[in-house]
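*Asks:* How does the following fold in three dimensions:
(2 chains)
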Amino acid sequence: MIDARLRLQRCDFALDVALMLPQRGITALVGPSGCGKTTVLRALAGLERVSGRIVVGDEVWQDDATGRFVPTHQRPLGYVIQESALFPHLDVRGNLQYGRKRSDVASRHIALDAVIELLGIGHLQSRRPTTLSGGERQRVAIARALASDPRLLLMDEPLAALDATRKAEILPYLERLHRELALPIVYVTHAMDEAARLADHMVLMRDGKVEAAGGLVELMARIDMNWGRADDAGVVIDAEVAEHDPHHGLTCVGRDGAMLWMGEVAARTGERVRARVLARDVSVTRQRPGETSVLNVLPVVLESIQRERTSALLRLHVNDGRSTDGWRLLARITSKSLDALQLQPGDALHAQIKGVALM
Amino acid sequence: MVTGIERAEFVAIRLTAELAALSTVLLLIIGTPIAWWLARTRSRLKPISSALVAMPIVLPPSVLGFYLLLLMGPTGPVGQLTQALGLGRLPFTFAGLVVASVLYSMPFVVQPLQQAFEAIPERMLEAAATLRASPWDRFASVALPLARPGFVTASVLGFAHTVGEFGVVLMIGGNIPGETRVLSVAIYDHVEAGEFARAHQLAAGMVAFSLLVLVTLYVVNRPHKDGVETAR
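*Replies:* Next up, the predicted model:
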């Protein structure tokens, strides 16, 4: 576990968080700018001095009670920021070697060649940072952090400075990182879709406090959250590819017996994919619609309702009649529809899903 | 008739070069930590420290020389200290000139270094820290290489400014051949004695030297493609 209790009081900003983060997978630290997520990350790295206690695994990095504060350079971490801080006086190889040379040889568990291969930067070795594109620079920065053999990788909006094309270029590398290295990553972002795509766990922050924390899938299916822009509400589904329909360019993915059709996915049958269904793309009917152009109609049970001024958020349990577990959907409907249909928790409904996005 | 540069002139040139070289080395050694501190500190003492370092730029050299003479003289505190340590008195010695030059040329070394250090983004040093580099290591492996243009400028300006000083030398060093008679004083002597041709010889040499120094500076410090400048 990564156990951090952090407090900071500045004239215009107060931070008070207690975090228990799993030491595996990607934890997304999400929140609007100014909510303190970067300060948390910098405190974990020891770059910012806040009061409290930080324990990573069995190592105490900071404990005000005993006066212990391990300086940044003695913490086995990797740190990647928005603008890659590659050293301009060194070429790519020199940058990669910088942290590598200084890390503990005895406890090495990440091979440099593997890192170079993982991030696809083998052909850039003798280039200077200024001659690289933004996406390449960020890949080198990530590789440099990994080459120093960290026990914890901290990433502060690593994609925020990149345009959509460059982002799309980096994301697969981050996913590979996640799959191929058993390295815990704390990933700061304000972009919910990045978190939804990459993370296993999520911590939602607001005004220097933790609003909610937990598994990403469970957290995104909650309706009692302030999702900031209402458009961001939506669930994440980790499903398996069940079949392809090349004729119509569709793929069917399933989870716990319930199937969803989505645009063709480049993944083999049985492979795990992550899909996202936004609440605004889901509508409900009492009767099963007869003839509809909507491909995905699932029987659901209405679990709870969060009413807002003009709209309402419904939490739906996808129920094929067999499993008690199953997964959840969120649906955003107008409050007028809510009144017209006289919806109550426990109602059996049909959810029509207009869009499923591959993450 | 003057036929070529005479021995006395050679002595003056050599003395000037020795003084400037030694002063520059000392200035870099002393100036680097001062510049680093000024560039990074948020202390309330920063403005007064900056002002003190910059004083020689605005002070008439004779004022600086006058006070140095008092300080280092037989009754001045520095003079009493050097005598107590068995070092003798500094005025009218080469060592005294070195001390005066270092003080006089300090801003010309500290300011370019400070600017170069200030231009290094904090994130570069933080990145080095997250890559296991200790504070000294960060300074040596990131700050120094990134501040290289600043070091070139500081060395050249420190050296050239020491070569060109006159007022302080006259106050502190006087005009002792082989000990304190540097080029600028030698030129003054020639002019005073009406030896315009010999004054010309040295003065023209100084003009050429200054030009050479500045051209070298601009060539060496021109923006590189390898991006040291873009780090700013």
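
*Asks:* does the closest residue to chain B within the stretch 151-300 of chain A sit in a helix, a strand or a coil?
*Replies:* Nearest residue of the stretch 151-300 of chain A to chain B (CB to the nearest CB) works out as residue A:154 at 8.0 Å. Glycine gets a C-beta too; all of them are placed from N, C-alpha and C. Classification of residue A:154 by DSSP: H, G, I helix; E, B strand; the rest coil places it in strand.

*Asks:* Equivalent analysis for residue A:224, please.
*Replies:* With three-state DSSP as the criterion, residue A:224 reads coil.

*Asks:* Give me the neighbour count for it.
*Replies:* Applying other CB atoms under 10 Å in any protein chain shown, we find 9 other residues in the vicinity of residue A:224.

*Asks:* just residue A:251 next, same as before
*Replies:* Residue A:251, neighbours per other CB under 10 Å, totals 24.

*Asks:* just checking, it touches residue A:239?
*Replies:* No: Residue A:251 lies out of contact with residue A:239 (CB atoms under 8 Å); the separation is 10.1 Å.

*Asks:* rewinding a little: run through the bridge partners of the residue of the stretch 151-300 of chain A closest to chain B.
*Replies:* Counting by DSSP bridges, residue A:154 is bridged to residue A:79, residue A:186.

*Asks:* Now stretch A:29-46: buried residues?
*Replies:* A:29-31, A:35-46 (16 or more other CB atoms under 10 Å in any protein chain shown).

*Asks:* Pick out the most distant pair among those.
*Replies:* Longest distance between any two of those is 22.7 Å, between A:30 and A:46; criterion CB to CB.

*Asks:* which helices and strands sit right next to the helix or strand bottoming out on mean pLDDT in chain B?
*Replies:* Lowest mean confidence among the helices and strands of chain B (mean pLDDT, DSSP states H and E): helix B:167-172, at a mean of 85. Packed against helix B:167-172 by the contact rule (3 or more CB pairs under 8 Å, 6 or more residues apart in numbering or on different chains; DSSP states H and E) you find helix B:61-72, helix B:94-118, helix B:183-192.

*Asks:* Mind putting those helices into a markdown table with mean pLDDT, distance to residue A:290 and mean neighbour count?
*Replies:* Shown next, in a markdown table, are the helices and strands packed on helix B:167-172 (pLDDT from 0 to 100; distance: least, CB to CB, whole Å; neighbours: other CB atoms under 10 Å in any protein chain shown):
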| stretch | mean pLDDT | distance to residue A:290 | mean neighbour count |
| --- | --- | --- | --- |
| helix B:61-72 | 89 | 98 | 18 |
| helix B:94-118 | 93 | 72 | 23 |
| helix B:183-192 | 89 | 103 | 19 |
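
*Asks:* okay if I get those as TSV plus distance to residue B:154?
*Replies:* Shown next, in TSV, are the helices and strands packed on helix B:167-172 (distance: least, CB to CB, whole Å):
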stretch	distance to residue B:154
helix B:61-72	20
helix B:94-118	4
helix B:183-192	21
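
*Asks:* closest to chain A out of the ones you listed?
*Replies:* Of all these, helix B:94-118 comes closest under CB to the nearest CB, at 12.7 Å.

*Asks:* what's that closest one packed up against?
*Replies:* Against helix B:94-118 (3+ CB pairs under 8 Å, 6+ apart) you get helix B:7-40, helix B:46-58, helix B:61-72, helix B:148-164, helix B:167-172.

*Asks:* how about the CA coordinates for the shortest one, as CSV?
*Replies:* In CSV, the C-alpha atoms belonging to helix B:167-172 read as follows (Å, rounded to 0.1, in the frame of the first residue of the first chain):
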residue,chain,number,x,y,z
GLY,B,167,41.8,53.8,-11.5
VAL,B,168,41.9,51.0,-8.9
VAL,B,169,45.4,49.9,-10.0
LEU,B,170,46.7,53.4,-9.7
MET,B,171,45.3,53.8,-6.2
ILE,B,172,46.3,50.4,-4.9
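
*Asks:* And the contacts of that helix?
*Replies:* B:60-62, B:64-66, B:68-69, B:72, B:90-92, B:96-97, B:100-101, B:104, B:180, B:182, B:184-185, B:188 (CB atoms under 8 Å, 6 or more residues apart in numbering or on different chains).

*Asks:* now it, how far from the centre of its chain.
*Replies:* Chain-centre distance of helix B:167-172: 15 Å, with CA atoms, centre = their mean, to the nearest Å.

*Asks:* and the residue nearest to residue B:34 when sequence neighbours are not counted, what does it touch?
*Replies:* Nearest non-adjacent residue to residue B:34, counting by CB to CB, 6 or more residues apart in numbering or on different chains: residue B:110, 5.4 Å away. Taking CB under 8 Å, 6+ apart, we find residue B:110 in contact with B:31, B:34-35, B:38, B:53, B:154.

*Asks:* Where does the residue lying closest to residue A:118 once chain neighbours are set aside fall, secondary structure wise?
*Replies:* Leaving aside its chain neighbours, residue A:118 sits nearest to residue A:176 (5.8 Å; criterion: CB to CB, 6+ apart). Residue A:176 is located in helix A:164-180, with elements delineated by DSSP states H and E.

*Asks:* tell me the mean pLDDT over that helix?
*Replies:* In this model, helix A:164-180 carries a mean pLDDT of 82.

*Asks:* before we move on, what about stretch A:51-70?
*Replies:* Stretch A:51-70 comes out at a mean pLDDT of 93.

*Asks:* what's the answer for stretch A:136-144, then?
*Replies:* Per-residue scores along stretch A:136-144 average to 92.

*Asks:* do stretch A:263-279 as well
*Replies:* Stretch A:263-279 comes out at a mean pLDDT of 87.

*Asks:* show me the contacts for the residue of the stretch 251-359 of chain A found nearest chain B.
*Replies:* The nearest approach of the stretch 251-359 of chain A to chain B comes at residue A:359, 28.9 Å away (CB to the nearest CB). Going by CB under 8 Å, 6+ apart, residue A:359 touches A:193, A:196-197, A:236, A:273-276.

*Asks:* mind running it again at 10 Å?
*Replies:* Applying CB atoms under 10 Å, 6 or more residues apart in numbering or on different chains, we find residue A:359 in contact with A:171, A:175, A:193-194, A:196-198, A:236-238, A:273-276.

*Asks:* What pLDDT does the model give it?
*Replies:* Reading off the model, residue A:359 has pLDDT 76.

*Asks:* do residue A:340 as well
*Replies:* 91.

*Asks:* can you check the one 3 residues further on too?
*Replies:* Reading off the per-residue confidence, residue A:343 sits at a pLDDT of 90.

*Asks:* nearest spatial neighbour of it, skipping sequence neighbours?
*Replies:* residue A:302 (6.0 Å).

*Asks:* close enough to count as contact, that neighbour and residue A:330?
*Replies:* No: counting by CB atoms under 10 Å, residue A:302 sits too far from residue A:330 to count as a contact (11.4 Å).

*Asks:* Now list whatever residues contact both of those two.
*Replies:* With CB under 10 Å, 6+ apart, residue A:302 and residue A:330 have common neighbours A:314-316, A:351.
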